[in-house]
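Engineer: sharing a model that was predicted from the sequence below.
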Amino acid sequence: MVGTDQQWLADNAIEVLDSVVDAIVTIDAEGVIQSVNRATEVLFGYPPSELLGQPVEVLMPEPHRSRHQRYVDSFLTTGQAHIIGIGRELSALKKDGTLFPIYLAVSEIKTERGSYFAGIIRDLSETKANQETLLEQRERLARVGRLSTMGEMTASIAHEINQPLTAIAAYAQACQKLLQKEDCDLDRVRDGLRKLNEQSLRAGAVIERIQRFVRHEGSQKELVDLNELMRDLVHLAAPDARLHSVELTFDLQEDLPVVYCDPVQIQQVALNLIRNAIDAMQEIDCAHGTEVLVRTRAEQVDARVRVSVTDSGSGVDETNEPMIFSPFHTTKQEGMGMGLSICRSIMREHGGDLNFENNDNHGCTFFFVLPVGDENE
Ligand SMILES: Nc1ncnc2c1ncn2[C@@H]1O[C@H](COP(=O)(O)OP(=O)(O)OP(=O)(O)O)[C@@H](O)[C@H]1O
Ligand SMILES: [Mg+2]
């Protein structure tokens, strides 16, 4: 130790060590305590001087207590250190028998009278308690996170399966009615059953996609012509549109570049947007027209394909605007508020995005963009 005034340092070394917040204990080679600073007595709960001349093991719980002297002896003969010069976390024993966590750093003091050891002991009780609280908080957060993910997951399954199920029930009822007629048109029954089957396959595909998602397998992507995919939508979305006196029209750009995507998921997004458009038109009793327009366009600048769904419905008002993509936000009595949030996450997982704008006259346009694809990307 050096000081600007070496004599002052020599005179005040004890005060200096007594003012240290960590406990400092020195022992001789037999493990007998030679000195302790004030912090040692406070920390371990001993009255002044009671520790002097005691074996240092009194400060240690088992198994360190019975191993300690063997450890010191081995260090003195072999020079192999486990703690000396290194330091580690251990537990220590107070006079009243309480255990508490410490960080112990030990150094060797070589003197003419042989080796002595100085141990600096830092009380880790508070740090550990903080760490434990932190850990507990983190675990609680993870649990809440898992639960809300499960909640969203369940809602998403219910939401996605609802559409084909409703359609299946409608086709089954229609077939039953047809069969009750005396001059039953078997071709129409066959057609109904074919559509029913198509919807049940669709429900199966949606479930499979969710299973893949749960297994973290990602989506099944392929090179897809979005025009074809949108054309296929007609028989999936048309019954719903017809039921609500809405007309589905398509404006599909020729020679559209292909995109690399999961076709089931992308159709699901388009279906959701069409469903919302129909709802928005219903809300104002189709006061501004009955058309829902699906349009595809290639965006040259960013090499993306844009698909939009335009309606002349209620439009999105300013107060709702910031929330419409949040899960469980809905303005509909029967709505779950999951559609747009699911759709946006699907688009983002594809490296694309989903957004909307209110039209100049009436209603709004929801659109998604996907990067022009090649499977090696
Ligand atoms: N085309 C649209 N025109 C006007 N408002 C819309 C349109 N699409 C969505 N919205 C608004 O965004 C909200 C959220 O839509 P989202 O599809 O996420 O849920 P939802 O349709 O209410 O319920 P569901 O979970 O059954 O789809 C809707 O409740 C509606 O207020
Ligand atoms: Mg919806």
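Structural biologist: Arrived safely, thanks for sending. Ligands and ions are numbered 1, 2, ... in the order given.

Engineer: so Arg306, which of the three states?
Structural biologist: Classification of Arg306 using DSSP: H, G, I helix; E, B strand; the rest coil returns strand.

Engineer: hmm, it is touching Arg297, no?
Structural biologist: Yes - taking CB atoms under 8 Å as the definition, Arg306 is a contact partner of Arg297 at 4.8 Å. Just so you know, the C-beta spots here come from the backbone N, C-alpha and C atoms, and that holds for glycine as well.

Engineer: now the strands for the stretch 51-200 of the chain?
Structural biologist: Taking DSSP state E, counting those that start in this stretch to define them, one finds strands in the stretch 51-200 of the chain at 88-93, 99-111, 114-123.

Engineer: got the domain ranges for this structure?
Structural biologist: By the record's domain assignment, the chain is partitioned as 6-123, 221-377 (automatic domain parsing).

Engineer: what is the end-to-end distance of the shortest one?
Structural biologist: Right, domain 6-123. Domain 6-123 has an end-to-end distance of 31 Å (CA to CA, to the nearest Å).

Engineer: could you dump the strands of the stretch 51-200 of the chain to TSV with mean neighbour count and distance to Gln173?
Structural biologist: Converted to TSV, the strands of the stretch 51-200 of the chain look like this (neighbours: other CB atoms under 10 Å; distance: least, CB to CB, whole Å):
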stretch	mean neighbour count	distance to Gln173
strand 88-93	15	71
strand 99-111	15	70
strand 114-123	18	75
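
Engineer: show me the shaky parts of this structure.
Structural biologist: By pLDDT under 70, the weakly predicted segments of the chain are 81-83, 85, 138-153, 212-219, 375-377.

Engineer: spell out which parts of it neighbour ligand 2.
Structural biologist: 276, 339 (CB under 5 Å from the ion).

Engineer: 6 Å - rerun?
Structural biologist: Within reach of ligand 2 by CB under 6 Å from the ion, the chain has these residues: 272, 275-276, 339.

Engineer: of the residues you listed, which belong to helices?
Structural biologist: 272, 275-276, 339 (DSSP state H).

Engineer: tell me the one of these nearest Ile24?
Structural biologist: Ile24 has its nearest neighbour among these in Gly339, at 66.8 Å by CB to CB.

Engineer: residues in contact with the closest one?
Structural biologist: Applying CB atoms under 8 Å, 6 or more residues apart in numbering, we find Gly339 in contact with 159, 272, 275-276.

Engineer: coming back round to it: I'd like the strands of the stretch 51-200 of the chain written out as TSV, with distance to Gln268 added.
Structural biologist: TSV is the format used below for the strands of the stretch 51-200 of the chain (distance: least, CB to CB, whole Å):
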stretch	distance to Gln268
strand 88-93	53
strand 99-111	54
strand 114-123	58
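
Engineer: please name the residues that touch the closest residue to Glu283 other than its chain neighbours.
Structural biologist: Once flanking residues are discounted, Glu283 sits nearest to Ser314: 4.6 Å by CB to CB, 6 or more residues apart in numbering. Taking CB under 8 Å, 6+ apart as the criterion, Ser314 is in contact with 280, 283-284, 363.

Engineer: which among those residues end up buried?
Structural biologist: Neighbour counting by 16 or more other CB atoms under 10 Å classes 280, 363 among the contacts of Ser314 as buried.

Engineer: show me which of the contacts of Ser314 neighbour ligand 1.
Structural biologist: Ala280 (CB under 6 Å from any ligand atom).

Engineer: for the residue in the stretch 51-200 of the chain that ligand 1 sits nearest to, give its distance to Met336.
Structural biologist: The nearest approach of the stretch 51-200 of the chain to ligand 1 comes at His159, 5.1 Å away (CB to the nearest ligand atom). Separation of His159 from Met336 (CB to CB, to the nearest Å): 5 Å.

Engineer: now do the longest helix belonging to the chain against strand 88-93, angle only.
Structural biologist: Longest helix of the chain, by residue count under DSSP H: helix 125-180. Helix 125-180 runs at 110 degrees relative to strand 88-93, counting by axes from the mean of the first three to the mean of the last three CA atoms, to 10 degrees.

Engineer: roughly how far out does helix 125-180 sit from the chain middle?
Structural biologist: 14 Å (CA atoms, centre = their mean, to the nearest Å).

Engineer: show me what it is packed up against.
Structural biologist: Contacts defined by 3 or more CB pairs under 8 Å, 6 or more residues apart in numbering; DSSP states H and E place helix 125-180 against strand 99-111, helix 186-214, helix 226-243, helix 263-283, helix 339-349.

Engineer: still on that earlier bit, could the contacts of Gly339 go into TSV alongside neighbour count?
Structural biologist: Listed next are the contacts of Gly339 as TSV, based on neighbours: other CB atoms under 10 Å:
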residue	neighbour count
His159	20
Asn272	22
Arg275	19
Asn276	24
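
Engineer: can you tell me which of those lies nearest to ligand 2?
Structural biologist: Of all the contacts of Gly339, Asn276 has the smallest distance to ligand 2: 4.4 Å, by CB to the ion.

Engineer: what count of nearby residues applies to Val316?
Structural biologist: 19 (other CB atoms under 10 Å).

Engineer: please identify the buried residues of stretch 167-182?
Structural biologist: Residues 167-168, 170-171, 174-175, 178 are the ones in stretch 167-182 that count as buried (16+ other CB under 10 Å).

Engineer: actually stretch 342-356, not the one I wrote
Structural biologist: Quick answer for stretch 342-356 (16+ other CB under 10 Å): 342-347, 350, 352, 354, 356.

Engineer: need the max-distance pair from those.
Structural biologist: Between any two of those, the greatest separation by CB to CB is 17.7 Å, found for His350 and Phe356.

Engineer: what do Arg306 and Arg297 both touch?
Structural biologist: By CB under 8 Å, 6+ apart, no residue touches both Arg306 and Arg297.

Engineer: residue contacts, Leu271?
Structural biologist: 163, 233, 236-237.

Engineer: 10 Å instead, please
Structural biologist: 160, 163-164, 202, 233, 236-237, 240, 309, 339, 343 (CB atoms under 10 Å, 6 or more residues apart in numbering).
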